[in-house]
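Asks: Fold the following, please.
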Amino acid sequence: MVNIGTSITEEPYNIRLVQFLDDHRPEIFQEWHDSFLTGDMEFSNEQMKENGFLMFSVLRTAIIGLESQSNLTQLAHKVAAERLEAKINIGNFVYNINLGRSIIIKYAMQSEIPLKYLYTFINNINKYFDQFCFDTVTKYTNLKDQELKEKTLYISENHKDKLAILGQMSSSFVHEFRNPLTSVIGFNKLLRKEHPDVKYLAIIENELQQLNFRITQFLHTSKAEFNDLNINIEEISIIQLFNDIQQLTYPSLVDNDVQVVTDIQPGLIVTANKDEIKQVLLNLFVNSIDALKDSAKPRYLKVACNVEAGHLIVRISNNGPMIAPEHIKSIFEPFFTTKELGTGIGLFVCKKIIEKNAGSIQCDSNETATTFSINLPSIQT
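Replies: Next up, the predicted model:
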């Protein structure tokens with residue numbers, strides 16, 4: 001709390017200084033207004049002039065020796081609220097208030113008041129301006145933080161609403177499509193067993209599995225919480241898992257001339273839900289193939305798996321186009337996608353599944369390669 005007080009001997013000089021500043025008020029404000037940094041016309045020049053007059057009035061009262069801290073605080077809060085409402089950078093205010101400070105001190109130096117007293121007054125004026133600036137920026141920051149919290153809460157609630165709607169859609173979707181899809185998959189397997197030389201049946205099975213995979217993604221996304229943590233936990237051979245994935249994606253790999261290079265440490269076993277981990281790795285495989293479709297040849301999809309500090313590390317890389325840095329931060333968010341027909345749920349589901357299994361997933365991308373790295377605990381070899 002700043003308090004500009006005076007002794008009895010200083011009183012005449014206080015009054016003299018206030019009178020001098022009053023006499024030159026038109027010039028002070030004209031010089032101040034001519035140099036205002038507005039930054040945005042939504043915050044009118046008239047508002048700035050009004051606040052300037054109020055600040056001058058508070059400062060004038062303080063120089064005389066009367067208490068004006070409460071008035072200063074009220075003004076600071078008023079200015080902070082106006083700045084926030086007008087969406088103007090608080091830096092403009094700091095610039096303008098320091099500009100006014102400099103002009104007032106410049107005129108005070110011309111008042112012919114003995115330096116012994118003038119320096120004291122100027123020092124106190126500086127303290128008062130500093131306090132005003134501090135109070136305003138602090139209030140502005142608090143209001144901005146509150147606004148951000150409210151927006152974050154709104155986004156969170158909106159996201160929950162989307163997931164609830166998606167859950168309802170998923171239930172209807174599964175009811176209408178999952179049963180006939182299961183029948184088609186079953187009959188296709190019978191046809192493959194009876195006619196193993198018909199190559200198109202393998203392609204049909206792959207496409208049906210892809211459709212089933214997409215349905216499962218919607219099911220997972222519709223759940224706000226990923227429950228059933230310990231259901232269907234088993235030991236999974238990493239090499240076998242990737243062999244299955246390569247078979248599922250074989251037609252796409254051939255069609256897009258993608259070469260798969262693997263470097264998997266022998267005997268790696270991870271304890272997890274096989275279907276879920278397979279879903280994650282298959283999604284990353286499919287995404288890599290999609291990324292390579294329009295890139296120059298040769299096209300590589302590299303898989304590296306090894307043990308580091310007791311954790312299974314899986315890295316899936318491709319030499320397709322670089323992912324923009326601003327997108328890296330958002331690719332695991334629900335409904336975020338850069339694909340024209342993308343849903344924005346695949347990587348979100350991958351992240352949730354890996355986190356459910358006490359692991360982590362991240363993406364790094366540069367002009368050479370894009371790599372998704374998965375870290376899973378509790379491995380055996």
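Asks: Give me the contacts around the top strand by length along the chain.
Replies: If you go by DSSP state E, the chain has its longest strand at strand 299-308. For strand 299-308, contacts defined as CB atoms under 8 Å, 6 or more residues apart in numbering pick out 238, 242, 253, 256-265, 268, 285, 288-289, 292, 312-320, 369, 379, 381. For glycine as for every other residue, the C-beta is placed from the backbone atoms N, C-alpha and C.
Asks: Which positions in it come out as buried?
Replies: Within strand 299-308, the residues that qualify as buried are 299-305, counting by 16 or more other CB atoms under 10 Å.
Asks: now swap in stretch 98-114 and tell me
Replies: So, applying 16+ other CB under 10 Å, buried residues of stretch 98-114: 100-101, 103-104, 107-108, 111, 113.
Asks: Just give the number of residues close to residue 13.
Replies: 19 (other CB atoms under 10 Å).
Asks: what's the answer for residue 78, then?
Replies: Neighbours of residue 78 using other CB under 10 Å come to 16.
Asks: excluding its backbone neighbours, what's nearest it?
Replies: Using CB to CB, 6 or more residues apart in numbering and skipping residues adjacent in sequence, the residue nearest residue 78 is residue 51, 7.4 Å away.
Asks: All the helices of the chain, in order from the start?
Replies: Using DSSP state H, the helices of the chain run over 11-23, 25-34, 45-64, 69-86, 90-108, 115-194, 199-221, 238-248, 250-255, 274-292, 325-328, 346-356.
Asks: export these to CSV and tack on mean pLDDT and distance to residue 364?
Replies: Formatted as CSV, the helices of the chain follow (pLDDT from 0 to 100; distance: least, CB to CB, whole Å):
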stretch, mean pLDDT, distance to residue 364
helix 11-23, 83, 61
helix 25-34, 82, 52
helix 45-64, 74, 48
helix 69-86, 81, 38
helix 90-108, 83, 34
helix 115-194, 79, 26
helix 199-221, 73, 23
helix 238-248, 89, 21
helix 250-255, 87, 23
helix 274-292, 89, 13
helix 325-328, 87, 8
helix 346-356, 86, 14
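Asks: Reformat these into a markdown table and put distance to residue 362 next to each item.
Replies: Putting the helices of the chain into a markdown table (distance: least, CB to CB, whole Å) gives the following:
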| stretch | distance to residue 362 |
| --- | --- |
| helix 11-23 | 61 |
| helix 25-34 | 52 |
| helix 45-64 | 47 |
| helix 69-86 | 36 |
| helix 90-108 | 35 |
| helix 115-194 | 22 |
| helix 199-221 | 20 |
| helix 238-248 | 19 |
| helix 250-255 | 25 |
| helix 274-292 | 12 |
| helix 325-328 | 9 |
| helix 346-356 | 9 |
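Asks: Okay, now the sheet partners of the longest strand of the chain, with direction.
Replies: According to DSSP bridges, strand 299-308 has the following sheet partners: strand 258-264 (parallel), strand 311-318 (antiparallel).
Asks: Out of those, which is closest to residue 215?
Replies: Closest approach to residue 215 among those (CB to CB): strand 311-318, 23.0 Å.
Asks: distance of the nearest residue to residue 338 once chain neighbours are set aside from residue 315?
Replies: In this structure, residue 338 finds its nearest non-sequential neighbour in residue 327, 6.1 Å apart by CB to CB, 6+ apart. In this view, residue 327 and residue 315 are 20 Å apart by CB to CB, to the nearest Å.
Asks: cool, and residue 69?
Replies: From residue 69 to residue 315 the distance is 61 Å (CB to CB).
Asks: So the protein: which segments form each domain?
Replies: With domains defined by automatic domain parsing, the chain comprises 11-150, 159-221, 233-380.
Asks: re the thing from before, quick one, the longest strand of the chain and helix 238-248 angle?
Replies: With axes from the mean of the first three to the mean of the last three CA atoms, to 10 degrees as the basis, strand 299-308 and helix 238-248 are set at 160 degrees to each other.
Asks: what's the average pLDDT for strand 299-308?
Replies: If you average the pLDDT over strand 299-308, you get 92.
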